[in-house]
Every structure is written in C-alpha cells, then in structure tokens.
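Participant: Here is a sequence together with a model predicted from it:
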Amino acid sequence: MKTFIQRICFVVAVSLFMTGTAYAQGFLIPKNRTLKPLSLEYQRVNVKLKDRAAKTTVTQVFVNRTNRLLEATYIFPIPKGATVSNFVLYINGKATKGHILERTRANSIYQSIVRRMQDPGLIEHMGGRLFRARVYPIPRKGKQKLKISFTQVVPYQGGMHRFVYPLRSKQYKRYRTDKDFTLSVQLKSKTPIKNIYSPSHNISVARKGEKKAVIGFEKNKAILNKDFVLYYSVSPKDLGMNLITYREKGQDGYFLMMATPKTSYSSKELVGKNITFVLDTSGSMSGAKMKWARIALEACLKKLNPKDHFNVIRFSTDVEALFTSLQPANAKKVKEAVTFVKKMQAAGGTAINEALKKALSQKPKGKGVSLVVFLTDGHPTIGETEPKLILKNSSTTNKYKAKVYTFGIGTSINTKLLDLVAQKSGATGDYVKPNKEIRKHIASFYDKVRYPVLSDIKMKVTSKIRLYDIYPKRLPDLFRGGQILVFGRYRGEGHAAVTLTGKVNGKVKKFVYESKFKKKNGENDFITRLWANRKIAYLLDNIRLHGEKAELKTEIIRLSKKFGIVTPYTSYLVVDKGDLWRIHGRRPIRRLPGRPIIQPSRPSGLKRPLRRKSAQNFGGSYDITPKAKPMKSADLKKESGKGAVEASRRITRMKKVKVVRSGYATRYIKGKLFLVKGGKWVDQSYRSSMKVLRIKYLSKMYFKIIQLRPDLAKYLSLGGKLIITVNKKRAIIIGATQDKVTLKKLRAFLKK
C-alpha cells in the first residue's frame, strides 16, 4: 500500500513540476500559502558596462494561472556589492515602492521560502541582501510585469574583469522560462577591448570597433540553473593576452591563457596569405555534393584579399591545377578561377596522394602564411592508396609548412587519414553532410582565416614557473576576430613574464606580459573541468589515430571519474547499475499483485503529451533529462562510416569546448564530484568508514550548517538527499531522518 501511495505522489509531483513553474533571480510569491510562486513567462536582462561600472536592468513577466485576484510579494536577491537604482511597477496607474532587507532579515525570509518551495537551490542566495515589494492586485488569468535596475562595480584582478549575473546554483533541478531568457551586454571602454569570454554560456560577440562590443545570449524555454559569468580585458597592445588561474592549497595549479588580436587593421598592416583550394571531382561527388562544393568555392574565391595569392586544383583520376603556380588574387585571376570551378564535373577515381603533392609542392609568394583547403568524399583509389604512405608523402612534400585544412564530405571517407594529414600540418579537420552544409561550413571556416595575424605561435614563461599538460599541444595560428584559449597545469608561484612569439609576414614578433601564478586561488574552478575535457579529447584522439594503449585508457578513466566526464570507457562506470534509469530512460514500473500499472497522467496546460525521459526524486524535485547516446569505444577503431565520422566530430568538439556543462548523473562543484548512487547525490570522496551525522532536510539544524559552514551551501543546493564530506574523516548525510544533535555537537562535527 505504501509503495502504491508513493507512486501516486510521484505522478502528482511530476505533473506539478511540468506546469511551467520557473524560478529565476526574482520571485513573485502569492500571499496565499497554498499557492505556488507564479510562473515566469520571460526574463530579459540588459547590462551596460562602461569600464568597471555596470548597470543591470532586469525585466520579468509572471503569469497568474489561477481564477483568483492575487496579492503577492516580489523578492529579488541583490548581487554582492550592488545597489538598487530603480524599481518600476505600476498598478492602477500608481507606482509601487519596495524596500531592501539586510542580511539577518533576508535570511529568515529565505529559509521560509526554501521550506515552502522545497527548493534548496535558493540557499546559495543566503547571506546577502534582499529587495522586497508588495504586488496587488494581480489579475485573474493575467500577467504581471516588473522591472528592477541595480548598479555595481565589476571586480578586477590579474588584468581581467569578472562580471557575474546570479541566476541559480549549479544543481540538478531544471526550471525553464515559459518563453525566452535573453541577456544583452553593451560593453564600452576608454582602452581597447581585447579578450571576451564566458565559461557559463554560449555567447555571441559583435565587435563595434576597438572600444565597443555587444555580447548576447538568448534561449527559449531556458534552464535557469547557473550564473552568467563574463570575463573581459582591455589593453592598448596589438595583441591582448590574459592569464587566470585556479589552485587548491598544496596542489599544482591550473591556468587558462587567452589571446585576442586587435579588431581594426590598416591595409598596410594586413598580411597576405597563400591559399590553395583542392576539390575532389571523382564520380562519387556527383549531384548535390558537387553543386554545393562549387557554390562554396565560388564564395571563397570572391572573398580573397588583394594581397593574397591563390590556386585551384581539382582531382579525380588525374590532377589538374588551374595555374602552374600561385597567382595574385586580382579581379582577372579570380574571374578565371570562378569559371574553372563552374565547369567542374564529377567523374573518375580519387587520386588523393597526387592532389596533396601538387598542392603542397607550390612555392609560396611573399612571406604570408600558407593554407590548403582540401575537400573530398572518398578513399584513395588511384595511384598511391596506402594511407601510411600518403601521410608520409604529404609530410615530406610539405617543405613550405602549409597548413592543410581537410573537409570530409559524407561518411564514406577515411577519417583517420584526413585527420592525420590536417594534424601533422598544424591544422584541423571537419566533416560535412552532402548537402548545403558544405557551403555553410566552408564559408564559416574561410571567414575565420580570411585575415591572418600571427602564425607559428609559441608560449614561454620564466624559469621559476613550470608549465605542463598544455592543450592544445600545438598552438593554432591567430586570425583577425579570432581568439586562442590555452589550458594547462603549472608548478611554482609568483609573478612571471609570459612570452608569446609568432610570425608576422615572415618576421618573428614577440609579446611579453606580466602575469601572476598564485599559490592558492579558489575562484575560476571552471578551468579544471575544461582542462580535463581537452586532455581527455587529446587522449581519445591518440587512441583513435594510433591505436589503444593501456596507459592512455587508464588515464582517461581516472580523469573521467575525477571530473565526472562521460567517455567511451566510462559511460556507465560513474553510476550504480540501479540508477542507470535516471540517465537513459524511464524507470521500469512493475505491476503489483492485483493492482493496475500507473502511468504518469498528462499534466494540465500542456499542448502535447508528457515525454519523461528521466526523473530524479531528491527531495521533491525532478530532473527531466534527454536521453543521451554516449560515444562508443568501437567507433574509435573505425576508419570509415557514420560511427567513425561521429567519433572524430565529437572529439573535435571536446577539444574546443568553452562552456562548462554537468554530466547526466554527475555534478562537479568547487573541486568536489557528486555521483548519483542509491537515489542520492554522493560525494565521491565519501567512504563507508567515515563518521557520519544525519541531518533532516530543511530542519533547524540543516540551516545551522549553512550558518556555521557557508562554504557547504553550494553543495547543499544539490537537494534533499545527499552525502557531503566535511573533512577527511567525517561526512553529513542529508535525508528524512536526523540524529540527536545539539548545536555544540554540530559545531564540533563541522570543524575543518
């Protein structure tokens, strides 16, 4: 009977969750305690940053889905160091005023809200001030719009500004806006803006000259479960370089180096490039492949710069170059090349070896960087067909050190050959579908490499600091509008000179920057997981291209389990078998003797049936998670086919990842990894031999933990069922029961 009732409660809880209730930074809470907080239709945030001064304006629209006229309280957590400058709410033509509650009063309100909403994520807001306003009346089946503005000074440290717009904690619960969440940042500076980077959101950046930029993020039905973090730097130098670090006491540190060139260049400063477009015209390229490849090449040819030199080569059974050598990109030569491309027809075999030799043997004109864009859809079938020999020949022929960017079309290609050709030359490979995606990817690539700035880049640091485990292993060339992100580890501490060297028009240029490698730094912990992602990608690529080795596999598993990153070798290692349903599908519902199977009912208000892939009941809240298909280790061994292409593309994405994301059943928070085990979030460092103290979820002692150890609040935000280690010998179990505990005992137990 108890299990039967629990299932009914489960269905009801899922239905309540799916009605669209969303809690963002501001909350509109009905006075009637039987009602839930109002749903958030949309939230739009506009930030004006001028040097270090920030003015943030938040517009929210809440929805009253009831048939009642409501009175509610609007509460808004004020970011640390911020001051409310304006609050706009007009009811019946009259402006409503609000007031600010200081820390003590704000905390008591937060505790009551956490208990009422069963939302532990809110505890991360505790310890700060709170803005509160009475809102009445909110019309039946109506909406309520509110607007609040606040100002603050953006923290500056180590040459970087760090702006944070707090949304929610990094927890399992996923609340969404009914419509959009939009955030726009208008950045202005007296000094030229260089590096702009967000580890939290996939932002768009539009540069408006050297001293202005517009940063944006927009998403419908957005999950408001992590703060928006933006780093930016300013510098009068042609190349802006910044370094930020993370380091735990007694351990080696992690660093992220960012390098961004200036936005505007005069015609004299722009460097010409040598570029050769090589297109496969074998019989398998007929139809849509040839159509879109021609369109893509024509578009690139028409964007060539006046200082560029170029050539076009087609290959099938034979190899044909338009020009005998690289030619200046004047109007006459470009027109001739466009005509040549339009006449290309698909027929014959695939002479990859001869085509590469032809392209790489060309002598560059001038001292600019040399690039080859190589498009093919098949395996080598004419001339030399052994991949190892083709790779060797391309390396031997490439005496002018051209970067070969390969593009594989479709899935009937030798992915390992193409990727190795690209990597050996210091370039990258990509794969496109045999449709208009060819034009999209080629155009996007060419726009990035159109204006070279710095090539053959190397990084050095003074001898008292030792850098290691750096990714990427070989720094890519830098182009106008581009940015280099380098992740790595370091030993040593203190101020040090970081030197970047590279070639500009054949001449070596040096950039020296003063940086500080800290002994301890608790901020910027996102660096650790991004570094681990990139190292795992590097190891996976080594296995894919050169074969599986025990030490590489062991290291992948170690990093995966430490940082909670899913790989082909650890897709199921970090989760108990009994909890796999939480990730990959609906939990099996067994029929009880004499009872019907209870399926979740369709929640009211939904236009389509509920599709519940996964549900986690950790204290009254649920995580609706899409089913994921992990990369397969078998695909790492394949040279060709859909699996081989997908493995290459996934590894490439891992190498370039900029934004921190949580795993399906893992959470990595401030150096701690939590895994789903037995229906709880369990600290990976927990051992059964540890002394434990059981604390009831949302009890008086639960909130005392936050007061005594504020550093544990970020972990408590995971939910109502979890295990946290407080030191090497002790752990707290949050759940439905509580040991007999006094404040004195709790204080002693929590000692670091």
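Facilitator: Received, thanks.
Participant: Which parts of this protein belong to which domain?
Facilitator: As assigned by automatic domain parsing, the chain contains the domains 2-234, 239-267+453-519, 274-450, 528-587+608-661, 685-749.
Participant: So which of those domains is the most surrounded?
Facilitator: domain 274-450 (a mean of 19; mean count of other C-beta atoms under 10 Å). Yep, even glycine has a C-beta here, placed from its N, CA and C like the rest.
Participant: What's the end-to-end length of that one?
Facilitator: 11 Å (C-alpha to C-alpha, to the nearest Å).
Participant: One more: stretch 693-710?
Facilitator: Stretch 693-710: ends 18 Å apart by C-alpha to C-alpha.
Participant: Grab the nearest non-local neighbour of Lys638.
Facilitator: The spatially closest residue to Lys638, leaving aside those adjacent along the chain, is Ala644, at 3.9 Å (C-beta to C-beta, 6 or more residues apart in numbering).
Participant: low-confidence ranges in the chain?
Facilitator: 1-25, 93, 103, 106-107, 110, 113-128, 168-175, 571-629, 662-665 (pLDDT under 70).
Participant: Identify the residue nearest the residue sitting nearest the centre point of it in space, chain neighbours excluded?
Facilitator: In the chain, the residue lying closest to the centroid (C-alpha atoms, centre = their mean) is Val659, at 2.0 Å. Leaving aside its chain neighbours, Val659 sits nearest to Asn202 (5.7 Å; criterion: C-beta to C-beta, 6+ apart).
Participant: Check the secondary structure at the one you found for me.
Facilitator: coil (DSSP: H, G, I helix; E, B strand; the rest coil).
Participant: Return the distance of it relative to Gly216.
Facilitator: Using C-beta to C-beta, to the nearest Å, Asn202 is found at 10 Å from Gly216.
Participant: Could you do Met654 as well?
Facilitator: Taken as C-beta to C-beta, the span from Met654 to Gly216 is 25 Å.
Participant: how close does the nearest residue to Tyr451 once chain neighbours are set aside get to Lys518?
Facilitator: Excluding its sequence neighbours, the residue lying closest to Tyr451 (C-beta to C-beta, 6+ apart) is Arg480, at 3.8 Å. Distance, Arg480 to Lys518, by C-beta to C-beta: 32 Å.
Participant: got it, and Thr59?
Facilitator: On the measure of C-beta to C-beta, Thr59 and Lys518 end up 39 Å apart.
Participant: Over to Glu551?
Facilitator: 31 Å.
Participant: and the longest helix for this structure?
Facilitator: Identified as the longest helix of the chain according to DSSP state H is helix 526-546.
Participant: So which elements touch that one?
Facilitator: strand 239-246, strand 253-261, helix 415-425, strand 466-471, strand 484-491, helix 550-563, helix 642-656 (3 or more C-beta pairs under 8 Å, 6 or more residues apart in numbering; DSSP states H and E).
Participant: so which of those comes closest to Cys300?
Facilitator: Proximity to Cys300 (C-beta to C-beta) singles out helix 415-425 among these, at 17.7 Å.
Participant: next one: the closest one to chain centre, how far?
Facilitator: A distance of 26 Å separates the C-alpha centroid of helix 415-425 from that of its chain, computed with C-alpha atoms, centre = their mean, to the nearest Å.
Participant: C-terminal to it, what's the next element?
Facilitator: strand 429-432 (DSSP states H and E).
Participant: Figure out how far that next one is from the centre of its chain.
Facilitator: On C-alpha atoms, centre = their mean, the centre of strand 429-432 falls 20 Å from the chain's centre.
Participant: contact partners of whichever helix or strand comes after that strand?
Facilitator: The helix or strand immediately downstream of strand 429-432 is helix 437-449, counting by DSSP H and E. With contact meaning C-beta atoms under 8 Å, 6 or more residues apart in numbering, helix 437-449 is reached by 273, 289, 292-293, 295-297, 299-300, 303, 371, 373, 375, 405, 407, 409, 430, 432, 477, 479, 481-482.
Participant: change it to 6 Å
Facilitator: Trp292, Ala293, Ile295, Ala296, Ala299, Cys300, Val432, Phe479 (C-beta atoms under 6 Å, 6 or more residues apart in numbering).
Participant: What of stretch 135-152?
Facilitator: By C-beta under 6 Å, 6+ apart, stretch 135-152 touches 54-64, 67, 69-72, 74, 76, 81-89.
Participant: quick one: it to chain centroid distance?
Facilitator: The answer for stretch 135-152 is 32 Å, by C-alpha atoms, centre = their mean.
Participant: re earlier: right, so of the domains of the chain, which gets closest to Gly671?
Facilitator: domain 239-267+453-519 (6.1 Å).
Participant: what comes into contact with stretch 309-328?
Facilitator: Here stretch 309-328 has contacts from 274-279, 281-282, 304, 329, 333, 337, 340, 344, 348-349, 351, 354-355, 358-359, 362, 365, 382, using C-beta under 6 Å, 6+ apart.
Participant: Narrow the residues you listed to those in helices?
Facilitator: Lys333, Ala337, Phe340, Glu354, Ala355, Lys358, Ala359.
Participant: and the gap between the first one and Ala346?
Facilitator: Which is Lys333. Taken as C-beta to C-beta, the span from Lys333 to Ala346 is 25 Å.
Participant: so what's Lys416 up against?
Facilitator: Counting by C-beta under 6 Å, 6+ apart, Lys416 makes contact with Leu545, Glu639.
Participant: Distance check, it against Tyr431.
Facilitator: 12 Å.
Participant: now swap in Ala296 and tell me
Facilitator: With C-beta to C-beta as the criterion, Ala296 and Tyr431 are 14 Å apart.
Participant: Now do the SS call for Ile390.
Facilitator: Under three-state DSSP, Ile390 comes out as helix.
Participant: give the contact list for the closest residue to it other than its chain neighbours.
Facilitator: Excluding its sequence neighbours, the residue lying closest to Ile390 (C-beta to C-beta, 6+ apart) is Asn353, at 4.6 Å. Asn353 is in contact with Gly383, Glu384, Ile390, Asn393, counting by C-beta under 6 Å, 6+ apart.
Participant: follow-up on the earlier one: isn't the residue nearest to Lys638 right next to Ala634, touching?
Facilitator: No - using C-beta atoms under 6 Å, Ala644 is not in contact with Ala634, being 10.1 Å away.
Participant: Tell me where the stretch 51-200 of the chain has strands.
Facilitator: 53-63, 70-77, 83-88, 90-91, 94-95, 98-101, 130-138, 143-153, 156-157, 160-165, 180-188, 193-197 (DSSP state E, counting those that start in this stretch).
Participant: Out of those strands, flag the one nearest Ser264.
Facilitator: strand 193-197 (11.6 Å).
Participant: Mind checking what helix or strand follows the closest one in sequence?
Facilitator: Using DSSP H and E, the first helix or strand after strand 193-197 is strand 204-207.
Participant: Please report how far Met285 lies from Ala299.
Facilitator: From Met285 to Ala299 the distance is 18 Å (C-beta to C-beta).
Participant: got it, and Pro306?
Facilitator: 17 Å.
Participant: do Pro137 as well
Facilitator: In terms of C-beta to C-beta, Pro137 sits 58 Å off from Ala299.
Participant: picking that back up, show me the one of the domains of the chain that comes nearest Lys677.
Facilitator: Comparing those by C-beta to C-beta, domain 528-587+608-661 comes nearest, at 4.9 Å.
Participant: Pull up the distance across that closest one, start to finish.
Facilitator: 12 Å.
Participant: ok, now stretch 138-146?
Facilitator: Stretch 138-146: ends 12 Å apart by C-alpha to C-alpha.
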